[in-house]
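1. My questions are about this predicted structure, shown below with the sequence.
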Amino acid sequence: MACTLFILLLILDSTLQAPTRCQNENTGTSPTNATRRHRPNIVIVMTDSFDGRLTFGPGNLTVQLPFTNYMREHGAVFLNSYTNSPICCPSRAAMWSGKFVHLTESWNNYKCLDENYTTWMDLLQRDGYYTQKLGKVDYKSGDHSLSNRVEAWTRDVDFLLRQEGRPVANLTGDASTVKVMEEDWNETDSAARWIRSAAATLSQPFALYLGLNLPHPYPTPAMGENKGASTFQTSPYWLKKVSRQLITVPKWLPLKEMHQVDYYSTYTKNCSWHFTQEEIKDIRAFYYAMCAEADAMLGEILSALGDAKVLGDTFVIFTSDHGELAMEHRQFYKMSMYEGSSHVPFLLMGPKVEAKQQIAHLISLVDVYPTVLDMAGTSLPSRVSGHSLLPLLSLKDAPQAGQLPDWVLSEYHGCDVNASTYMLRRGQWKYIAYADGSSAPPQLFDLSADQEELHNVAAKLPSITASLDKLLRSVVNYPAVSKAVHQYNKQQFISWRNSLGNNYTDVIANLRWHTDWQKDPKNYENAIKKWLQGDL
C-alpha cells in the first residue's frame, strides 16, 4: 500500500504540472459557449465530523493524512475555518444556501431547508454545468431519528437524562481491512468511476459533490431502536496510521466548575462518569484512524481527476460539516463551540491557485456558496451571508479593508445543549453567548493564550465582552432568535404528542433516554407538562 500511495502521489504531481485547459469544450449553441470552454470544473468532498486542526500542525503530526497534505502542498489551507452550526443538517444547510441558519430557520437535524430550496449547485446547473451529487447530502428537513428531534424540542424541560451511548472504541477486521466504512467507499468508488468514464468527455464543465459519513462515530445498537452514534470504529490497518505516542489526554475542568450548558451536554452525552486515560486515548486514536480512512477517499477522487486528465482544470475543496470533540471538554460528538467541534478543515486547490498558501483570514461554510459561483463566473442571484474566497487566494483583486468581514458566526439550536448558543470569533477572541444573553453567563476565550479553552475571561474583561456582544447583536438579534426557537420547540412537541394519541406514554419512554426515563417515568412526564404550561 505504501508503494501504491507513493506512485499515486507522483502521478498527481505530474498531472498538475501539465494542466489541460480545454478538456471541457462545449459544442452547443448557447451564447456563453466561448466562456464555458475555459470554465473550471468544481469538486467538493465534504466529510462529517472532521476536526479542522488536523489539516495543519501540530495536530497534523498525530495521524498520516497524505491527501489532505497533498492539497495543502499544492494549494491553500485556511487556518481559521468554522462551521456555521456544529451539527450535521443545519451546518450543511448553511453551506448549500450560503445563509446563516437563523435566516433559513434551520433549527435542528429535523428542521432545515425545504425540498425545493435553490442551492449553488442548482444555479451552476442552470448556467451550463453538468452537476452530480453523491453520498451524504443531508440539508433538507424531515430526516434523522425521532429521538434526535424530540430531544431538541424538550431541551428546556427541567430534567437531565442521558441521551447518547457512552463513547467507546471498537476494533474490527484485521491488518488487511481497508474498507471499514463500506457505504462511503461505495459512494467514493461511484464518484471515481464517473470521473474516469464521463468527466473528461463532457462538452461542458462539471460540478461534483461527494458527501462522506466518516469520521462520524458509528451507531451504537445498545441504545435501542432510536440508537445514537457513540462508537469509534476502525481496523488495525488504519490504526497503524496513528502515532499513539503523540496523542494527548485533554485537560478537563472539574464537573462543579463547568459552565452550566457544558455540564448539561456532558451529562446528556453520557460522559459524566469515570474514564481511564487509556479509554480516552483509545477513543482519540480510533477517531484519528477514521480520519485517515476519510483522507484515503479524498485520495481516490484526486487520483480519478488525474487519470481523467482534468485535475489541472478543476477546483477541489475539502471540508467538513463540523468537527469532533473526541473527549475534549469531557465530551464527544459535536454540538459545541469549542474548537474541536466548531473548527472545520478547508483546503482548496485548482487552476492558478498558488501552492503552499496558509491563509489566516476567518472564514465559514456560508462562504462556499459565493465562492463556487465566483469560480464558475455565475452571478449571485440574491444576498447571502457568505463571501467569495477567491480574493484571498490572489486569483482576483485583493480584498479592500472592510470588504470581507473579520469575524465568523456560528449558532446552535439542537439537542444535547439546553440553550441556543451563539459564537462570534474575531481576532484572538472567541465570544459565546447563550439564549437571551442573561439566563446563562457568556464565555470569552483568548485563543492566542488559551488554545484549550479552559479559562473563561468574560468577567475579567468586561469591555471586550461588551464590545463583542454588541457586534454579535448587530449580526443577529440573538434573544429574539432564541425566543423563536423556544416557541417552535413547544409547538412541534405539542403537535407530535397529539399525533400519538394513547401511544404517547409508551413512545416517549422508549427513545434514546429510555434507560434513565424508565426509572421515574411519571416525574419526567410531569416535568414536560409543567414546561408546556409556560408561555409560548
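-> Done, it's in.
2. alpha carbons only for contacts and neighbour counts from here, please
-> Noted.
3. Tell me the spacing between the nearest residue to residue 521 once chain neighbours are set aside and residue 219.
-> What sits nearest to residue 521 in space, not counting adjacent residues and going by C-alpha to C-alpha, 6 or more residues apart in numbering, is residue 509, at 7.1 Å. Applying C-alpha to C-alpha, to the nearest Å, the value for residue 509 to residue 219 is 20 Å.
4. of those two, who's got more company?
-> Higher neighbour count among residue 509 and residue 219: residue 509, with 19 against 16, using other C-alpha atoms under 10 Å.
5. what about residue 319, is that helix, strand or coil?
-> For residue 319, the assignment made with DSSP: H, G, I helix; E, B strand; the rest coil gives strand.
6. Would you check how far apart residue 306 and residue 194 are?
-> 13 Å.
7. what's the answer for residue 213, then?
-> 20 Å.
8. who has more neighbours, those two?
-> Legend: neighbour count by other C-alpha under 10 Å for residue 213 and residue 194, higher for residue 213 (20 against 16).
9. hang on, the more buried one in a strand?
-> No: assignment of residue 213 by three-state DSSP gives coil, placing it outside any strand.
10. wait, it sits on residue 134?
-> No: taking contacts as C-alpha atoms under 8 Å, residue 213 lies outside contact range of residue 134: 11.7 Å.
11. Longest helix in the protein, by number of residues?
-> helix 277-307 (DSSP state H).
12. buried sites along that helix?
-> Neighbour-count burial for helix 277-307, counted by 16 or more other C-alpha atoms under 10 Å, picks out 279-307.
13. Stretch 339-359 now?
-> For stretch 339-359, a neighbour-count test (16+ other C-alpha under 10 Å) marks 339-351, 353, 355-359 as buried.
14. swap in stretch 212-219?
-> Buried residues in stretch 212-219 (16+ other C-alpha under 10 Å): 212-219.
15. could you dump these to TSV with distance to residue 233?
-> Formatted as TSV, these follow (distance: C-alpha to C-alpha, whole Å):
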residue	distance to residue 233
212	15
213	13
214	10
215	9
216	10
217	7
218	7
219	10
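16. The buried residues of stretch 339-359 in strands, which ones?
-> Judged by DSSP state E, the buried residues of stretch 339-359 include 346-349, 357-359 as members of strands.
17. Now distance to residue 490 too, for those residues, in TSV please.
-> Converted to TSV, those look like this (distance: C-alpha to C-alpha, whole Å):
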residue	distance to residue 490
346	37
347	40
348	42
349	45
357	48
358	45
359	43
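18. List just the nearest of these to residue 500.
-> residue 346 (43.6 Å; C-alpha to C-alpha).
19. Now the closest one: closest residue in space, sequence neighbours ignored.
-> Nearest residue to residue 346 in three dimensions, chain neighbours excluded: residue 319, at 4.7 Å (C-alpha to C-alpha, 6+ apart).
20. do the same with residue 348
-> The shortest distance from residue 348 to any non-neighbouring residue, by C-alpha to C-alpha, 6+ apart, is to residue 317 (4.6 Å).
21. isn't that neighbour right next to residue 346, touching?
-> Yes: counting by C-alpha under 8 Å, residue 346 is a contact partner of residue 317 at 6.9 Å.
22. what comes up buried for stretch 458-475?
-> Going by neighbour count (16+ other C-alpha under 10 Å), the buried part of stretch 458-475 is 458, 464-465, 468-469, 472.
23. Who does the closest residue to residue 358 other than its chain neighbours form a beta bridge with?
-> With sequence-adjacent residues excluded and distances taken as C-alpha to C-alpha, 6+ apart, residue 358 is closest to residue 77, at 5.2 Å. Here residue 77 sits in beta bridges with residue 347, residue 358, going by DSSP bridges.
24. So residue 77 is in contact with residue 354, correct?
-> No: in this structure, residue 77 is not within contact of residue 354 by C-alpha under 8 Å, at 11.0 Å.
25. I'd say residue 65 and residue 292 touch.
-> Yes: in this structure, residue 65 is within contact of residue 292 by C-alpha under 8 Å, at 5.7 Å.
26. and after the lowest-mean-pLDDT helix or strand in the chain, which helix or strand comes next?
-> The helix or strand of the chain with the lowest confidence, counting by mean pLDDT, DSSP states H and E, is helix 33-36 at a mean of 41. Later in the chain than helix 33-36, the nearest helix or strand by DSSP states H and E is strand 41-47.
27. With just CA atoms, put whatever helix or strand comes next after that following strand into PDB.
-> Using DSSP H and E, the helix or strand that follows strand 41-47 in sequence is helix 66-74. The C-alpha coordinates for helix 66-74 follow below in PDB (Å, rounded to 0.1, in the frame of the first residue of the first chain):
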ATOM      1  CA  PRO A  66      -1.300  12.100   2.800                       C
ATOM      2  CA  PHE A  67      -4.000  13.600   0.600                       C
ATOM      3  CA  THR A  68      -5.000  16.500   2.700                       C
ATOM      4  CA  ASN A  69      -1.300  17.100   3.000                       C
ATOM      5  CA  TYR A  70      -1.100  16.900  -0.800                       C
ATOM      6  CA  MET A  71      -3.800  19.500  -1.100                       C
ATOM      7  CA  ARG A  72      -2.000  21.800   1.400                       C
ATOM      8  CA  GLU A  73       1.200  21.500  -0.600                       C
ATOM      9  CA  HIS A  74      -0.400  22.200  -3.900                       C
END
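28. tilt between helix 66-74 and helix 277-307?
-> Angle, helix 66-74 to helix 277-307, by axes from the mean of the first three to the mean of the last three C-alpha atoms, to 10 degrees: 60 degrees.
29. Packing partners of helix 66-74?
-> Counting contacts by 3 or more C-alpha pairs under 8 Å, 6 or more residues apart in numbering; DSSP states H and E, helix 66-74 is packed against helix 277-307, strand 346-349.
30. average pLDDT for that helix?
-> Across helix 66-74, pLDDT averages out at 97.
31. cool, and stretch 124-143?
-> Stretch 124-143 shows an average pLDDT of 94 in the prediction.
32. do the same with stretch 409-418
-> 97.
33. next one: stretch 423-442
-> Mean predicted confidence for stretch 423-442 is 97.
34. Straight-line length of that stretch, end to end?
-> 10 Å.
35. repeat for stretch 310-319
-> Using C-alpha to C-alpha, the end-to-end distance of stretch 310-319 comes to 21 Å.
36. and if you look at stretch 373-381?
-> For stretch 373-381, the first-to-last residue distance is 10 Å (C-alpha to C-alpha).
37. got the buried residues for it?
-> So for stretch 373-381, counting by 16+ other C-alpha under 10 Å, buried means 373-376, 378.
38. Same check on stretch 324-333?
-> Residues of stretch 324-333 classed as buried by neighbour count (16+ other C-alpha under 10 Å): 324-333.
39. Likewise for stretch 110-125?
-> Those would be 110-113, 120-121, 123-124, for stretch 110-125 by 16+ other C-alpha under 10 Å.
40. And stretch 355-371, by the same measure?
-> Those would be 355-359, 361-371, for stretch 355-371 by 16+ other C-alpha under 10 Å.
41. looking at the helices and strands packed on helix 66-74, which is closest to residue 436?
-> Comparing these against residue 436 with C-alpha to C-alpha, the closest turns out to be strand 346-349 (31.9 Å).
42. distance between that closest one and the chain's centre?
-> Between the centre of strand 346-349 and the centre of its chain there are 15 Å (C-alpha atoms, centre = their mean, to the nearest Å).
43. what's it packed up against?
-> Looks like strand 346-349 contacts helix 66-74, strand 76-78, strand 314-320 (3+ C-alpha pairs under 8 Å, 6+ apart).
44. To what extent is the closest residue to residue 153 other than its chain neighbours buried, counted in neighbours?
-> Sequence neighbours aside, residue 489 is the residue nearest to residue 153 in space, at 4.3 Å (criterion: C-alpha to C-alpha, 6+ apart). By other C-alpha under 10 Å, the residues close to residue 489 number 23.
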